[in-house]
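[1] sequence and predicted model, in that order:
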Amino acid sequence: MSKEQTDFRNWDARKLSPKAQEALRIRAVKTYLEGEKTQEEIARIFGVGRSRISYWLKLYREGGWEALKAKKRGRPSEGKLKGWQAAVICNLIRDRCPDQLKMPFALWTREAVGQLIERRFGVKLSVWTVGRYLRRWGFTPQKPLRKAYEQNPKEVKVWLEEKYPEIRRRAREEGAEIYWGDETGVRSDYQVGRSWAPKGKTPAIETTGRRYRFNMISAISNRGKLKFMIFRERFTTEVFLEFLRRLVKSNGNRKVYLIVDNHRVHHAKRVKEWVEKRKERIELFYLPRYSPELNPDEYLNQDVKTNAVGRRKIRSYEEMEGNVRSYLLSTQKQPEIVKSYFRAPKVRYAL
């Protein structure tokens, strides 16, 4: 076999440029239309399979010479949605929840967005295509924050634009230090995180079947200070007063501005009387109702539950309490960790 025959045998028309392939198709069809050669002969001349010649002839009969021209390759840059349609969908996802649009979804999943697109524009897309669109539009899957529907947006706006700036101004004038306080329950069955395992074989973690629980109250400042108290009883007025005594004492001669939520204990008559008698040392301020996302101390609570409880084996009450206490003492010695709680988008205003 000659070198020319070897090269021809290894030649592949699929490696040609789109324009060269277009010219090849047109020449092959024209050769057939001249009526002097069979499809087999044309296939051998042009170095393609006979089925290709049949397919090109079919395209010609159905669409003429236009059907043989080169098509644009690759994924369409705009897809099946036009620019203005994509903008409408993006705005709806940002500004509305699915149930507000009378859709049977609580969250914007790929399925929910696909159904929204089909309802609005009659375009049916696979979940994978919807996912590509969402990434292209700058959306990412995220764990949503819980927000109470009882929350009053006007109260939140007043807090952010008027009340808290006033508290900060007064604190500077009086040399006071602002703390954000909160209390939470800690349970031994709190678990987060995932563990790698063979597909279809969910891993099991050996732990005690007993359940342990205690409570924790804490306060943090944007300067990196952390104060905490662990207690076993219910959160009562007496417990809160004990924490306030410790907080004032630990802060030396500097006045404390403590911001808390609207728990009934925080508004108790005895608490107000105690604070009033010591107003040169401490003042209480209250966040807008149903607005835990505005409290940086919530991020400390989540950190403790995740890393001191959720990812540890709990064998006894003493072990769980020791883990939490040790974690809090360690965090207390690392102001940068405490400061990091204030970098979350919802609480940056408190920096």
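    Here it is on my side, so go on. Numbers count the residues shown, from 1 in each chain.

[2] what about the spatially most central residue of the chain, which helix or strand?
    Taking CA atoms, centre = their mean, the centroid of the chain lies closest to Q142, which sits 1.8 Å from it. In this structure, Q142 is located outside every helix and strand according to DSSP states H and E.

[3] domains in the protein, by residue range?
    3-68, 83-136, 153-192+210-350 (automatic domain parsing).

[4] comparing those, which comes out most buried?
    Highest mean neighbour count of the domains of the chain: domain 153-192+210-350, a mean of 16 (counted as mean count of other CB atoms under 10 Å). All C-beta spots, glycine's among them, are computed from the backbone N, C-alpha and C.

[5] pLDDT below threshold where in the stretch 101-250 of the chain?
    For the stretch 101-250 of the chain, residues meeting the criterion pLDDT under 70 lie at 145-150, 189-210.

[6] hmm, 80 instead?
    With pLDDT under 80 as the threshold, the stretch 101-250 of the chain has low-confidence stretches at 106, 143-150, 188-211.

[7] ranges for the helices of it?
    Across the stretch 101-250 of the chain, reading from the start of the chain, the helices by DSSP state H, counting those that start in this stretch fall at 110-121, 127-136, 153-158, 164-174, 237-250.

[8] now render those as a markdown table, adding distance to L92.
    What follows is the helices of the stretch 101-250 of the chain, written out as a markdown table (distance: least, CB to CB, whole Å):
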| stretch | distance to L92 |
| --- | --- |
| helix 110-121 | 7 |
| helix 127-136 | 13 |
| helix 153-158 | 20 |
| helix 164-174 | 32 |
| helix 237-250 | 44 |
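
[9] out of those helices, nearest to L300?
    helix 237-250 (14.6 Å; CB to CB).

[10] what's in contact with the closest one?
    179, 181, 217, 219, 227, 229, 231, 233, 256, 258, 265-266, 268, 270-271, 274-275, 278, 281-282 (CB atoms under 8 Å, 6 or more residues apart in numbering).

[11] which of these fall in strands?
    Y179, G181, I217, A219, K227, M229, F231, V256, L258, I282 (DSSP state E).

[12] residues in contact with the fifth one?
    Taking CB under 8 Å, 6+ apart as the criterion, K227 is in contact with Y179, S218, A219, I220, F243, R246, L247, S250.

[13] for E162, state which of those residues is nearest.
    Y179 (20.4 Å).

[14] and that closest one, how far from L300?
    Between Y179 and L300 the distance, using CB to CB, to the nearest Å, works out to 12 Å.

[15] which neighbours do those two share?
    Common neighbours of Y179 and L300 (CB under 8 Å, 6+ apart) are I220.

[16] look up how far I117 lies from the residue lying closest to P98 once chain neighbours are set aside.
    The shortest distance from P98 to any non-neighbouring residue, by CB to CB, 6 or more residues apart in numbering, is to F105 (3.8 Å). Here the criterion is CB to CB. By it, F105 lies 13 Å from I117.

[17] check G83 too.
    Applying CB to CB, the value for G83 to I117 is 14 Å.

[18] list of residues touching stretch 13-25?
    By CB under 8 Å, 6+ apart, stretch 13-25 touches F46, G47, V48, R52, W56, L59, L68, K69, A70, K71, R73.

[19] in strands, which of those appear?
    Residues of these located in strands (DSSP E): none.

[20] N307: what's it in contact with?
    Y327.

[21] ignore what I typed, I meant F105.
    P98, D99, E111, A112, Q115.

[22] now those in TSV, with distance to E318?
    Listed next are those as TSV, based on distance: CB to CB, whole Å:
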residue	distance to E318
P98	46
D99	46
E111	47
A112	47
Q115	52
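
[23] which members of these are the farthest-apart pair?
    Most distant of the contacts of F105, by CB to CB, are D99 and E111, 14.5 Å apart.

[24] S316 against S188, yeah?
    No. Contact criterion CB atoms under 8 Å: S316 and S188 do not qualify, at 9.2 Å.

[25] got the CA coordinates for stretch 49-60 in CSV?
    Taking C-alpha atoms only, stretch 49-60 is exported to CSV below (Å, rounded to 0.1, in the frame of the first residue of the first chain):
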residue,chain,number,x,y,z
GLY,A,49,-19.4,6.2,4.8
ARG,A,50,-22.3,5.5,2.5
SER,A,51,-24.8,6.3,5.2
ARG,A,52,-23.4,9.9,5.3
ILE,A,53,-24.2,10.3,1.6
SER,A,54,-27.8,9.0,2.2
TYR,A,55,-28.2,11.4,5.1
TRP,A,56,-26.9,14.4,3.1
LEU,A,57,-29.3,13.6,0.3
LYS,A,58,-32.1,13.4,2.8
LEU,A,59,-31.2,16.9,4.2
TYR,A,60,-31.1,18.3,0.6
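
[26] list the contacts of that stretch.
    A13, R25, A28, V29, Y32, Q39, E40, I42, A43, F46, A67, L68.

[27] tell me the one among those nearest to L125.
    Nearest to L125 among the contacts of stretch 49-60, with distances taken as CB to CB, is A67, at 26.9 Å.

[28] quick one, what contacts that closest one?
    By CB under 8 Å, 6+ apart, the contact list for A67 reads L59, Y60.

[29] K30 versus that one, what's the distance?
    As defined by CB to CB, A67 lies at a distance of 14 Å from K30.

[30] now swap in R211 and tell me
    Taken as CB to CB, the span from R211 to K30 is 83 Å.

[31] again, but for Y299
    Counting by CB to CB - Y299 and K30 are separated by 73 Å.

[32] please apply the same query to E233.
    Separation of E233 from K30 (CB to CB) stands at 94 Å.

[33] perfect, I'm done here.
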